[in-house]
Structure formats: C-alpha cells, structure tokens
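Student: Any chance you can model this:
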Amino acid sequence: MELKGYIFAILVGIGWGTVGLFFAEMSKYNMGVYDIITARMLFAFIAGIIHIIYTKGIKELKISLGSLKTAALMGIVAQGLVNVFLFLSIEKSGVIVATLLMSLGPVFTLIFSRILYKEKLNKGKINALILTAIGTIILVTNGSLINLEFNFLGVIYGLLSGICFGLYPIISKSISGNNNPNVVMIYSFIIVVIMLLPFLNIRSFITYHKLTANFLISVLFAIVPTLLCHLLFIKSLNYISATKAGIITLLQIPAATMFGIMFLNEQISIWKIIGIILIIIGILLIKMQDKEKN
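Tutor: Have a look, this model is predicted:
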C-alpha cells in the first residue's frame, strides 16, 4: 500500500514543478500577476466545491467559525502572499531561482517554531540552516560575490514567498479536528480571490478568458498544480508518513529546474546546480530531524 503513497507524492512534486510554466504561458497575454493568481484560485475554488459536493455531499461544506478564520488566514498568507511573491520573483529572477527560494519554506518553519514554540535547535538543525544559507547564497550569486548580477528584488520576493510558505504548517495547526482540511483549503482559495479583487484588471481578465484555449489553461492551472496536487498530497498521507511525503515532494525543485531549462530557455550553471544540491540537502536534513522528533 505504501507504493500508492509514493506515487501520489511523486505526482505532487512534479505537478508543483509546473507552476512556473503556467505562469509564463498566461503572462504572454497581458495577464498580470494578480490576474493570474485570481484565475488560478477562482477556478480552483469552483472545482473544489464541485469535488466536495460530488464525493462527500453538500453538508461537508459546513465548517466552524474557528476553521473559517483559519481558512482566511491561510488564504491571505499561505495562498495569496505566497503566490504573489512567487510570481513577482519569477518575473524578476526566473522560475528556477524563484522556486528554490519559495522551497525554503521548511527552513522558515524551523525558525518560526523556535521563536513561537521554543523548539530547540540541535546540531543537525543548525547544520541544515547553515547548508541552506550557503546554498541560497551560491544560487542567487551564481558563485560570485564580486560580480553580483542577480536581481535584488527578485530574491527578496522569493524569500518572502518562502517565509509565507513556511507559515503554512504553523497556521494549519489551528484547524479543528472536526473539519475536513480539504474544505478549509478550498475556502482559502476564495479568500485569495476576495483579497486580490481590488488589484484585478477586469478587462484583461475577461479578454483573456474569451478564448477557449486560454480558458482551458486557467482551468488546468487551477486543477493540476493547485487543487489536484493538494488532494493527492493529503491522500498520500493515508499510506506514508508526512515526513516521507514532504521529502518526496521535493521533486518540485528538480522538476521546476528541468521545465525551466527545457521550455523557458532558462540558463543553469555549475554553481547554481551546487546551490540547488546544498538547499535540497539542507531541507532533507530538516525533514529528517522532524522524523526523529516524531
């Protein structure tokens, strides 16, 4: 049965790796960052509601006020701001760097857990933090501290996306055990839409979706790396531990890298590869420390 969990987690990692491709394709048609995120979350919300009603019944959509507040916070921080900063980083620094910086989420979770819950930092966690810090520096500087050519804003946006992503496990702890976590996540999608409405270019949004091909791209973006990946990740936890699933989904990093090189003509150097490897090792160490703790 574990095999199913591994397959689901692998599919999630690859699916998350396609996010940059969808963004790059949609941005060709004068769709801004806020327009793209709104489309992604709106269609994910609609598809999610249909999925819950079809599989569980309409009564499953009911959640407590506390969980609704959690959904709002999750929507604003772990969905809205993560996506905004990620896509702004992609615009400035490309898919590879932006994805790597966002993937630093577990590192920031470790830091937040230390601050909020006074969790101890053992030698393994300290080494992991050092490795990821070195890897990040090598990645963004391309191995040269003398001729700095990286986009400063792109790096800042990427780090902010990682910080917001790192808050996701912290926020998730407050979800009531009586509520379906999938339903809470689905409600968080519509919170993002509401949050971004003031920034939405309605004319561009409507014009883009008049074309059937564009409409289908938006729907696929909402379903594949958004709703479906979330559902598959939750499903994988029925067969393997959260630590194993989290480690396997790190496939997002090499997947996004390969997609960026193959389809977006992004450049990769030996220094960036070293940076990527160090970051992955650092995140793996953090997740393995969590496994030992549990």
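Student: what about I261, neighbour count?
Tutor: 14 (other C-beta atoms under 10 Å). In this view, the C-beta of every residue, glycine as well, is placed from N, C-alpha and C.
Student: Kindly indicate whether it is helix, strand or coil.
Tutor: Local secondary structure at I261 is given as helix here, using DSSP: H, G, I helix; E, B strand; the rest coil.
Student: excluding its backbone neighbours, what's nearest it?
Tutor: I268 (5.8 Å; C-beta to C-beta, 6 or more residues apart in numbering).
Student: Next up, the contacts around the one you found.
Tutor: I96, T257, I261 (C-beta atoms under 8 Å, 6 or more residues apart in numbering).
Student: Check V12 too.
Tutor: So V12 contacts C229, L232, F233, S236, A245, I248, T249, Q252 (C-beta under 8 Å, 6+ apart).
Student: which one of the residues you listed is nearest F23?
Tutor: Q252 (14.3 Å; C-beta to C-beta).
Student: ok, that closest one to F43 distance?
Tutor: For Q252, the distance to F43 (C-beta to C-beta, to the nearest Å) stands at 21 Å.
Student: now do I286
Tutor: For I286 relative to F43 (C-beta to C-beta), the value is 33 Å.
Student: would you list every one of the helices in the stretch 151-294 of the chain?
Tutor: For the stretch 151-294 of the chain, applying DSSP state H, counting those that start in this stretch gives helices covering 152-166, 168-172, 181-196, 202-209, 212-222, 229-236, 242-248, 252-264, 270-293.
Student: Can you say which of these is nearest to M1?
Tutor: Across the helices of the stretch 151-294 of the chain, closest to M1 is helix 229-236 (C-beta to C-beta), at 11.2 Å.
Student: Return the set of buried residues in stretch 258-269.
Tutor: Going by neighbour count (16 or more other C-beta atoms under 10 Å), the buried part of stretch 258-269 is F259, G260, L264, E266.
Student: for the chain, what are the low-confidence residue spans?
Tutor: Along the chain, the model assigns pLDDT under 70 to residues 146-148, 174-178, 290-294.
Student: Next, count neighbours for I58.
Tutor: Counted with other C-beta under 10 Å, I58 comes out at 10.
Student: Equivalent analysis for I194, please.
Tutor: For I194, using other C-beta under 10 Å, the count is 14.
Student: G105 too?
Tutor: 21.
Student: and if you look at I206?
Tutor: When counting by other C-beta under 10 Å, one arrives at 9 neighbours for I206.
Student: list the contacts for it?
Tutor: By C-beta under 8 Å, 6+ apart, I206 has no neighbours at all.
Student: One more: P198?
Tutor: P198 neighbours (C-beta under 8 Å, 6+ apart): none.
Student: quick one on the thing from earlier: mind giving me a markdown table with the helices of the stretch 151-294 of the chain and columns for distance to I134?
Tutor: Formatted as a markdown table, the helices of the stretch 151-294 of the chain follow (distance: least, C-beta to C-beta, whole Å):
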| stretch | distance to I134 |
| --- | --- |
| helix 152-166 | 15 |
| helix 168-172 | 24 |
| helix 181-196 | 34 |
| helix 202-209 | 41 |
| helix 212-222 | 34 |
| helix 229-236 | 29 |
| helix 242-248 | 20 |
| helix 252-264 | 16 |
| helix 270-293 | 6 |
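Student: mind checking which of those is nearest M31?
Tutor: The closest of the helices of the stretch 151-294 of the chain to M31 is helix 202-209. By C-beta to C-beta, the value is 5.3 Å.
Student: now the closest one and helix 212-222, what's the angle there?
Tutor: With axes from the mean of the first three to the mean of the last three C-alpha atoms, to 10 degrees defining the directions, helix 202-209 sits at 100 degrees from helix 212-222.
Student: Give the buried residues for helix 202-209.
Tutor: F205, Y208, H209.
Student: next one: stretch 159-168
Tutor: By neighbour count on 16+ other C-beta under 10 Å, the buried set for stretch 159-168 is L159, L160, S161, G162, I163, C164, F165, G166, L167, Y168.
Student: Centre of the chain to that stretch, how far?
Tutor: A distance of 9 Å separates the centroid of the chain from that of stretch 159-168, by C-alpha atoms, centre = their mean, to the nearest Å.
Student: same thing with stretch 196-210?
Tutor: For stretch 196-210, the distance to the chain centre is 23 Å (C-alpha atoms, centre = their mean).
Student: could I have it exported to CSV, CA atoms only?
Tutor: Written as CSV, here are the backbone C-alpha positions of stretch 196-210 (Å, rounded to 0.1, in the frame of the first residue of the first chain):
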residue,chain,number,x,y,z
LEU,A,196,-7.0,40.4,-4.9
LEU,A,197,-10.2,41.9,-6.4
PRO,A,198,-9.0,45.5,-5.8
PHE,A,199,-5.9,44.7,-7.9
LEU,A,200,-7.6,42.8,-10.6
ASN,A,201,-7.5,44.1,-14.2
ILE,A,202,-11.1,43.1,-15.1
ARG,A,203,-10.8,44.0,-18.8
SER,A,204,-7.6,41.9,-19.3
PHE,A,205,-9.1,39.0,-17.2
ILE,A,206,-12.3,38.9,-19.3
THR,A,207,-10.5,39.4,-22.6
TYR,A,208,-8.0,36.6,-21.9
HIS,A,209,-10.7,34.1,-21.0
LYS,A,210,-12.8,34.7,-24.1
